[in-house]
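*Asks:* Here is a sequence with its predicted model. Questions after.
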Amino acid sequence: MLKEPAHQPNWSQFYDYIKDQGPSIELLQTLILLDFDPDLIQPLYAVDLGCGEGRDTRELLRRGWQVLAVDSCAEGIRRLEAHPDSADHEQLETRVESAADATWSNATLIYASRVLPFLSNDEFTRLWKKVADSVERGSYFSCTLFGDRHDFASDPSIRCRTAAQVQELFSPFEIIAYDEVEQDTLSRNTPFHCHMFNVIAKRKLSSAPHAVASGS
């Protein structure tokens, strides 16, 4: 079971808020980069970890990908399965489970939009080993991590990292895109400081066997 953080959002309200939004900019940037690789694992198969109500999953389906959509929130999966663009879609598999418990094979892309910071250290370590093994077999990995100046950094149940820690975490991989974002915004009409790292990585052309990263 996922431990519920102190800053756990109201998912129903969040899904209502984003229901008319298109795919995330992070996914679109990832797909642009993948378009330049002629040797992608085929057929195109994505694992969407922490898929939520599925806006990124639906974009992948629209582009002809097979998708495994995973989320620990049953409501998000229900909304994805009920949406007219994804209901009964033959290219879609859904699972209500923690990202740390997800399993897959021969994925072209492992995509983790916002789920990683909410995993416990043990869950993160278990998931990271599977991600690293998948990247070693040729998968791309795209994710968002929270930075140490994020407002959520005050919550010990949410993993926030320094830039140096993020670089160390990805040292076994080749980083092909790295974007550190820091800005003041509003959350429920309350000032909120956002600090995140958006990273896209793949297998190094020549690398020693990777070590399993710590969740801390």
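*Replies:* That came through, no problem. Quantities reported herein were computed from a predicted structural model and do not represent experimental measurements.

*Asks:* Quick one: the strands in this structure, in order.
*Replies:* Here the chain has its strands, by DSSP state E, at 45-49, 66-71, 92-96, 109-112, 140-147, 160-161, 173-187, 190-203.

*Asks:* just checking, what packs against the last one?
*Replies:* Judged by 3 or more Cβ pairs under 8 Å, 6 or more residues apart in numbering; DSSP states H and E, the packing partners of strand 190-203 are helix 25-34, helix 121-136, strand 140-147, helix 163-169, strand 173-187. C-beta: built from backbone N, CA, C; applies to glycine.

*Asks:* Relative to Gln13, which of the ones you listed is closest?
*Replies:* Judged by Cβ to Cβ, the one of the helices and strands packed on strand 190-203 that comes nearest to Gln13 is strand 173-187, at 11.5 Å.

*Asks:* and Leu92, how many neighbours does it have?
*Replies:* Neighbours of Leu92 under the rule other Cβ atoms under 10 Å: 21.

*Asks:* what bridges to it?
*Replies:* When bridges are called by DSSP bridges, Leu92 pairs up with Val67.

*Asks:* wait, it sits on Trp65?
*Replies:* No: with contacts counted by Cβ atoms under 8 Å, Leu92 stays clear of Trp65, the gap being 9.6 Å.

*Asks:* Would you mind finding the most buried of the strands of the chain?
*Replies:* Highest mean neighbour count of the strands of the chain: strand 45-49, a mean of 27 (counted as mean count of other Cβ atoms under 10 Å).

*Asks:* Neighbouring strands - and their directions - for it?
*Replies:* Sheet pairing for strand 45-49, using DSSP bridges, gives strand 66-71 (parallel), strand 109-112 (parallel).

*Asks:* Distance check, the nearest residue to Leu119 once chain neighbours are set aside against Asp71.
*Replies:* Nearest residue to Leu119, sequence neighbours excluded (Cβ to Cβ, 6 or more residues apart in numbering): Ala100, at 5.9 Å. For Ala100, the distance to Asp71 equals 12 Å [Cβ to Cβ, to the nearest Å].

*Asks:* Tell me the spacing between the residue nearest to Leu119 and Glu59.
*Replies:* Per Cβ to Cβ, Ala100 is found 24 Å from Glu59.

*Asks:* lowest confidence element among the helices and strands of this protein?
*Replies:* helix 11-18 (a mean of 73; mean pLDDT, DSSP states H and E).
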